[in-house]
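S.K.: Structure for the following, please:
(2 chains)
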Number of protein chains: 2
Amino acid sequence: MSSTGTSTPAGGLDLSLLKITRNPAPGVLPPSNTLVFGQTPTDHMLTVEWNLGTGFEAPEIKPYGPLSLDPSASVLHYSTTMFEGMKAYKDKNGVARLFRPNKNMERFNDGAARMGFPAVDGEVFTELIKKLVDVDEHWIPTDPGCSLYIRPTMIGTKAGLGVTASTSVLLYVILSPAGPYYASGRKPISLLASTEHTRAFPGGTGNRKFGLNYAGGIVPQTQAAKLGYNQILWLLGERHMLTEVGMMNLFVSFRRPDGTVELVTPPLADLILPGVTRDSVLCLARAHADPTTPFRIAGFPEKLVVSERELYMSDLVAAQANGTLAEIFGTGTAAILLAVERIGYMNSDLKIPTGADGMGPLATALLREIEGRQIGEIESEWSVIV
Amino acid sequence: MSSTGTSTPAGGLDLSLLKITRNPAPGVLPPSNTLVFGQTPTDHMLTVEWNLGTGFEAPEIKPYGPLSLDPSASVLHYSTTMFEGMKAYKDKNGVARLFRPNKNMERFNDGAARMGFPAVDGEVFTELIKKLVDVDEHWIPTDPGCSLYIRPTMIGTKAGLGVTASTSVLLYVILSPAGPYYASGRKPISLLASTEHTRAFPGGTGNRKFGLNYAGGIVPQTQAAKLGYNQILWLLGERHMLTEVGMMNLFVSFRRPDGTVELVTPPLADLILPGVTRDSVLCLARAHADPTTPFRIAGFPEKLVVSERELYMSDLVAAQANGTLAEIFGTGTAAILLAVERIGYMNSDLKIPTGADGMGPLATALLREIEGRQIGEIESEWSVIV
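M.R.: Below is the predicted model:
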């Protein structure tokens, strides 16, 4: 058992204690074109209980089924919940692969510290996730653009209504086979720039994968959909600083006078989720931009400059007006990458260039590179064999 | 069945369908001095399921016990949870009373609309809560300062990982006998003014009783306790605007040159929880201040001016330095009213006047008036007989 890397309390996660109880009535993977995101649980789940003092109990893989929670459990009243989003893919040899699981483990433990939850040994937790994926391996769809979505979750289970750090938690992982995120496929999306609702703010926890960052967005999202927009473009403050796109990180590219393309994403601070896909895009774009590395993003011959800097709606409006706005896209584990074609802002619509097939050249090239690495068609250290 | 007041979907809350299953092994109310806030469930709970389309099912009062939730339930991933805090008291005739339940119902429905949850008929829900309190009536402690804490809760139970409005919810109510909120009794508290963490922000949901407003405060609160402070004083923005005190509303009083006392609390906007105790303090203070009403707060002979206005740390520092700072206190259902004696700010401590017995004259008079009304010693429309 490895116990390095993160600080664990007495009783760290122990792979050697894993107990597997097979589902006596296993299900069948539905056809990919019938899959709705996150709606199809697989046969099994992983659960590990933790208590202050005794630490983590033995991990269990067991049939997917309901959790039993005290009606006063911390998560039900004070939203002590955090999660991760990961995916498993099958390569052309039928081997299951994860994508950069170490990044998810880093973020999970950063979040745990902020939530007052125990740290988990990221290497052991990854091994446990691999075991779960292995047990439900026949649930990984193999059609193009499909994967098995993995949802590691940690919830505060302490009974009692005092608002204090939860002295017991449940760490668990569930799986759900996923088709392409949007039923419409890779069609570019429209955004409503919200001047009314705010997702994250300085001094808050918008940079964490906490459940609490999502509940407040549900009604605004419903309102945006009624107005004909796919997602919310989240702004901050009176200057309308751009932060995130629905549940994705935001990228904007500009064509500069010297002929180069500047790819911009807002800096993390405590506002922006450190997305694994965001980081992957930045890594690829920076390598492409760096003349001392041989790497170039296939299919994108132009020179790139990469910036993490603040962006305001006035920047978009100006660039759109003077023709220097090149592309806008969102990135996230569930959707990978989606181009934006239209932004509703202050009662008018800003048209965004998207290219002939609905996705600009940089977005297209980045998506191909990342998907290639995820399914193992392009060799990289990012792909980890289950 | 009443169905007026709030908009309800098909299948509103129906009191006539209430089913009561008695706990076969009822417990015994522990001695008041052993009670820890929210740690002692009573014998029963109220549950009502709701589904989009069919509306609310029959309400049930049944033995307190665990809830069964799908591992992908909305509340566990996206923090779709909201609650209320209320109390039942026994008057000197042994009659159980609630305090201004209509205010809790108003706030509950405001929150439900913002969360994408169904509205409840506030009158019917209050009747259901009365039934529950009646069934567990022997759990209301009668020692001074004691009460039965009531926790109405609504959680999103929809299974599935898409971030959408929950198409099924569980409305439930649990009870817990409560001694005085703080073990230390009515001793004044100390606050750490946080310049690092923010509780609420413009465009957010800080004015709702949502679980999501609480999780982010747990670690800051733990850090403040380690530094010797009882609670966090939540500030906003670079000018350090005062918002709330831990889980209470904030009141500050100043002595003005004309000899009157100004009682100030921050305006609600979308930052401040519309506390029932906050509203009660404002109602009492405004009636006291109004020369056209006969009401005066007993034991407080001074002239009052009441303001809902923004307050900044610089206001407190200046008033403390020039001797015009009179009192600071927090209000909330759980604690009712607690005086503040010390605020840690920018590495130094601001001493706040508290009077000889640890609570200033206005706080003392307000607490006596509100407690008197809660337990029915002072006749008022605010007290509602169960």
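S.K.: Spell out which residues make up each domain of chain A.
M.R.: Using automatic domain parsing, the domain parsing of chain A gives A:15-178, A:189-374.
S.K.: Span of the last one from start to end?
M.R.: Meaning domain A:189-374. 23 Å (C-alpha to C-alpha, to the nearest Å).
S.K.: helix, strand or coil for residue A:296?
M.R.: Secondary structure, DSSP: H, G, I helix; E, B strand; the rest coil: residue A:296 is coil.
S.K.: Do I have it right that it meets residue A:290?
M.R.: No. Contact criterion C-beta atoms under 8 Å: residue A:296 and residue A:290 do not qualify, at 10.1 Å. Where you see a C-beta, it was placed from the backbone N, CA and C, and this is true even at glycine.
S.K.: who has more neighbours, the two?
M.R.: A direct count of neighbours by other C-beta atoms under 10 Å in any protein chain shown for residue A:296 and residue A:290 places residue A:296 higher, at 15 against 12.
S.K.: Strands of the stretch 201-350 of chain A, start to end?
M.R.: Using DSSP state E, counting those that start in this stretch, the strands of the stretch 201-350 of chain A run over A:231-236, A:241-245, A:248-255, A:261-265, A:304-308, A:325-332, A:336-345, A:348-351.
S.K.: Which strands and helices lie in contact with the first one?
M.R.: Using 3 or more C-beta pairs under 8 Å, 6 or more residues apart in numbering or on different chains; DSSP states H and E as the contact criterion, the neighbours of strand A:231-236 among helices and strands are strand A:189-194, helix A:218-226, strand A:241-245.
S.K.: Enumerate the positions of the longest one that are buried.
M.R.: Across helix A:218-226, burial judged by 16 or more other C-beta atoms under 10 Å in any protein chain shown covers A:218, A:219, A:220, A:221, A:224.
S.K.: can those go into TSV with extra columns for pLDDT and distance to chain B?
M.R.: Formatted as TSV, the buried residues of helix A:218-226 follow (pLDDT from 0 to 100; distance: C-beta to the nearest C-beta, whole Å):
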residue	pLDDT	distance to chain B
A:218	97	5
A:219	97	5
A:220	97	10
A:221	97	7
A:224	97	12
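S.K.: Max pairwise distance over the residues you listed: which two?
M.R.: A:218 and A:224 (10.9 Å; C-beta to C-beta).
S.K.: re earlier: I'd like to know which of the helices and strands packed on strand A:231-236 lies nearest to residue A:317.
M.R.: Between those, strand A:189-194 lies closest to residue A:317; by C-beta to C-beta that is 10.3 Å.
S.K.: now the closest one and strand A:248-255, what's the angle there?
M.R.: 100 degrees (axes from the mean of the first three to the mean of the last three C-alpha atoms, to 10 degrees).
S.K.: for strand A:189-194, what is the average pLDDT?
M.R.: The average pLDDT within strand A:189-194 is 97.
S.K.: Backbone dihedrals for the most centrally placed residue in chain A, both of them.
M.R.: Nearest residue to the geometric centre of chain A (C-alpha atoms, centre = their mean): residue A:333, 3.9 Å. Phi and psi for residue A:333, reported as degrees, to the nearest 10, are phi -60, psi -40.
S.K.: Flag every residue of the stretch 151-300 of chain A that's near chain B.
M.R.: A:151, A:153, A:155, A:159-165, A:172, A:174, A:176, A:194, A:196-198, A:201-205, A:210-219, A:221-222, A:247 (C-beta under 8 Å from any C-beta of the partner chain).
S.K.: Reformat the domains of chain A into CSV and put distance to residue B:373 next to each item.
M.R.: Below are the domains of chain A laid out as CSV (distance: least, C-beta to C-beta, whole Å):
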stretch, distance to residue B:373
domain A:15-178, 24
domain A:189-374, 34
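S.K.: In a helix, residue A:197, correct?
M.R.: No. Assignment of residue A:197 by three-state DSSP gives coil, placing it outside any helix.
S.K.: Contact partners for the residue nearest to it when sequence neighbours are not counted?
M.R.: Once flanking residues are discounted, residue A:197 sits nearest to residue A:220: 4.4 Å by C-beta to C-beta, 6 or more residues apart in numbering or on different chains. By C-beta atoms under 8 Å, 6 or more residues apart in numbering or on different chains, the contact set of residue A:220 is A:194, A:196, A:197, A:232.
S.K.: Quick check: phi and psi on the second one?
M.R.: Dihedral pair for residue A:196: phi -110, psi -40, per degrees, to the nearest 10.
S.K.: burial measure for the closest residue to it other than its chain neighbours, as a count.
M.R.: For residue A:196, ignoring the flanking residues on the chain, the nearest one in space by C-beta to C-beta, 6+ apart is residue B:203 at 6.4 Å. Counted with other C-beta under 10 Å, the neighbours of residue B:203 add up to 21.
S.K.: do residue A:361 as well
M.R.: Neighbour number of residue A:361 under other C-beta under 10 Å is 18.
S.K.: For it, give me its contacts.
M.R.: So residue A:361 contacts A:299, A:300, A:302, A:327, A:355 (C-beta under 8 Å, 6+ apart).
S.K.: can you give me phi and psi for the closest residue to chain B within the stretch 201-350 of chain A?
M.R.: Nearest residue of the stretch 201-350 of chain A to chain B: residue A:203, at 3.1 Å (C-beta to the nearest C-beta). Residue A:203 adopts backbone torsions of phi 90, psi 0, taken as degrees, to the nearest 10.
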